[in-house]
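*Asks:* have a look; sequence and predicted model below, questions after that.
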Amino acid sequence: MDDKLAAFREQKRAEPSFHTIFCDLGRVLVHFPHLHEHEPFYGKCAVSQEEIRQFVFEKGDYLDHECGRLGTQALFENVRKQLGYSGDFDAFCRDFGNIFTLNQEVFGYLFWQVKPANDVQLVMLSNLGELHYQYISYYWPGIFSNFRRVLLSFQEGMRKPDEEFFKLAVKRSGAYPPTTLFIDDMQVNCDAAEKCGIKTHLFDGIQGLRAKLAASGFSTSF
């Protein structure tokens, strides 16, 4: 009896602490420059890079696009008027949309090592607009198809750090917050997830992520 109890306890210790992983997209699975740092875009604008930064982070147009309230054509028109963008619509789509590179190290670690070796569901939570979604879907469709559930801000009409976004993710995935880990590169998003009872990891690179998952009992396939 004692041997069976010891074996059971050892098995429980070997199981991962988390049954669900909520994962961000930008600056975790893909790298990208902000638009005010992206020369193909800011080089066609009549305003300063600081004014472009303010347009993206402080004004409502870009946030409305991320929440699905402003389509790509309407966003283009607003960018032309407010930033003096000189390109046509096709150029805008390229300059605005084609900014991503795949983080192959993190992608490979999560989907080729962690996912096959553990009974864990992966759920994406991303602040993503329609145009960026189209570009990422075209170049790396496997990013979305490898997740059990995908919640994108432009499709859901809300974005992080809105706590309702995390509550929706919990409802859609059937996750139990105390055994759910959220990976994101922004502290404000992690703080919102923690208010919903979800554990978090502030992403700052692959080594920290490996250490976090190893300490949480995750094994790898090789």
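*Replies:* Thanks, I have it.
*Asks:* so where's the chain shaky on pLDDT?
*Replies:* Within the chain, the segments meeting pLDDT under 70 span 1-14, 222.
*Asks:* list the buried residues for stretch 83-98?
*Replies:* For stretch 83-98, a neighbour-count test (16 or more other Cβ atoms under 10 Å) marks Leu83, Tyr85, Gly87, Phe92, Cys93, Asp95, Phe96, Gly97, Asn98 as buried. For every residue, glycine as well, the C-beta is placed using N, CA and C.
*Asks:* could you list every residue that touches Lys167?
*Replies:* Cys196 (Cβ atoms under 8 Å, 6 or more residues apart in numbering).
*Asks:* measure it to Arg210 for me?
*Replies:* As judged by Cβ to Cβ, to the nearest Å, Lys167 and Arg210 stand 29 Å apart.
*Asks:* just the ones of the buried residues of stretch 83-98 in helices?
*Replies:* Using DSSP state H, the subset of these located in helices is Leu83, Phe92, Cys93, Asp95, Phe96, Gly97.
*Asks:* got the contact list for stretch 94-104?
*Replies:* Contacts to stretch 94-104, defined as Cβ under 8 Å, 6+ apart, come from residues 28-33, 35, 38, 40-41, 44, 79, 87, 131-132, 134-136, 139-140, 143.
*Asks:* among the residues you listed, name the buried ones.
*Replies:* Neighbour counting with 16+ other Cβ under 10 Å marks 28-30, 32, 35, 38, 41, 44, 79, 87, 131-132, 135-136, 140, 143 as buried within the contacts of stretch 94-104.
*Asks:* give me the subset of the residues you listed that lies in helices.
*Replies:* Phe41, Val79, Leu131, His132, Tyr135, Ile136, Ile143.
*Asks:* ok, back up a step: closest to Val106 out of the ones in helices among the buried residues of stretch 83-98?
*Replies:* Closest approach to Val106 among those (Cβ to Cβ): Gly97, at 21.5 Å.
*Asks:* what sits against the nearest residue to the closest one once chain neighbours are set aside?
*Replies:* Once flanking residues are discounted, Gly97 sits nearest to Tyr135: 4.1 Å by Cβ to Cβ, 6 or more residues apart in numbering. Residues in contact with Tyr135 (Cβ under 8 Å, 6+ apart) are Gly97, Asn98, Phe100.
*Asks:* how close does the second one sit to Leu213?
*Replies:* When distances are taken as Cβ to Cβ, Asn98 and Leu213 turn out to be 31 Å apart.
*Asks:* with Gln54 instead?
*Replies:* Gln54 is 37 Å from Leu213, by Cβ to Cβ.
*Asks:* kind regards, and thank you for your time.
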